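Asker: Give me coordinates for this.
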Amino acid sequence: MIIAPSVLSMDYSRTEQQLRELNESGAQWIHFDVMDGHFVPNISFGPDILRAVAGSTNLFLDVHLMISDPVFYTPVFIDAGADSITFHYEAMESKERIKELAALIHSRGISAGISIKPNTPVTVLQDLLTDFDLFLVMSVEPGFGGQSFMESSLDKITWLRCELSEKGLNAHVQVDGGINEKTAVLARNAGADVLVAGSFFFRNDMKKAVKLLEG
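Answerer: Take a look at the predicted model:
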C-alpha cells in the first residue's frame, strides 16, 4: 500500500518542518495538486513550488493536474521534477488526444496517470487501460480539501482493479478525497493500492497516520 500525502493540506507557515516530518513519516509518495481556477474553482501551485519541493525530498512526486490545458502544462511540470503526471479525462477533447498525451509523458521517462471526477462513469476508461500506469478515482469533487468521502467511488475502484487484473496489467489504482482511517479500509478492500491523504495526514502525527492508512 502506497501512501501519498497531499501537500495541498500542508501548513505552509511551517514548510521546512512539515516537509522534514513528511520525509520521515514512512510515506512513499508526495501528491501535488495543481489547480488552475478554471477546470476546478480553486488555484493552487505552479511549477516553481514543485521544483522547490523536489529539492527537499527523495520521495516520488505524484503530480495531479486539475487544469483545463494539460497538454501545454505537462512538459512544464515534468521539467520541474515530476515523477508522474496524472491529468483528467474530462479535460481532453478525445481519446486519441488522451493516448497522445500519455505517450508524450512516457517518452519523457516518467509515469502517466488519468483521473475521473465523481460523475464520470468509470467505463470511459475501458479503451485506455493499457495506456496508463495509474488510474485515479476522485472520491470527492476536485478543487477543495476537507470534503467527505463518496462511497460511490468504491464500485469504480473495484471495476478498475478487476479489469486490470483480467488483462494482466500492473497499473496502480489511486483514490483521492476524504481519506482517513475508516475510509482507507473501504478503499483498500475495494482494490486501491495508492491512497492520497490530506487533512488526515497533516492534522495528525504523520508516522501514526501512515500506519493507520496502511492498515
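Asker: Let's check: the centremost residue of the chain is which one?
Answerer: His64 (5.2 Å; CA atoms, centre = their mean).
Asker: and it, what is it in contact with?
Answerer: Under the criterion of CB atoms under 8 Å, 6 or more residues apart in numbering, the neighbours of His64 are 31-34, 86, 113, 115, 136, 176. (Glycine included, C-beta is placed from N, CA and C.)
Asker: 10 Å - rerun?
Answerer: By CB atoms under 10 Å, 6 or more residues apart in numbering, the contact set of His64 is 4, 6, 8, 31-35, 44, 82, 84-88, 113, 115, 134, 136, 138, 142, 174, 176, 196.
Asker: what's the spacing between it and Ser94?
Answerer: 21 Å (CB to CB, to the nearest Å).
Asker: For His35, which non-adjacent residue is spatially closest?
Answerer: No His there; residue 35 is Met. Excluding the flanking residues, the one nearest Met35 by CB to CB, 6 or more residues apart in numbering is Ser44, at 4.3 Å.
Asker: Can you show me the strands along the chain?
Answerer: Using DSSP state E, the strands of the chain run over residues 2-5, 29-35, 60-66, 84-88, 111-116, 134-138, 172-176, 194-197.
Asker: possible to save the ones you listed as TSV with distance to Asp48?
Answerer: Listed next are these as TSV, based on distance: least, CB to CB, whole Å:
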stretch	distance to Asp48
strand 2-5	20
strand 29-35	12
strand 60-66	13
strand 84-88	17
strand 111-116	22
strand 134-138	24
strand 172-176	23
strand 194-197	22
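Asker: who wins for proximity to Gly215 among those strands?
Answerer: When the strands of the chain are compared by CB to CB, strand 194-197 sits nearest Gly215, at 9.7 Å.
Asker: which helices and strands sit right next to that closest one?
Answerer: Secondary-structure packing of strand 194-197 (3 or more CB pairs under 10 Å, 6 or more residues apart in numbering; DSSP states H and E): strand 2-5, strand 29-35, strand 60-66, strand 134-138, strand 172-176, helix 181-190, helix 206-214.
Asker: Tell me the strands beside that strand, with direction?
Answerer: Note on strand 194-197: by DSSP bridges, its sheet partners are strand 2-5 (parallel), strand 172-176 (parallel).
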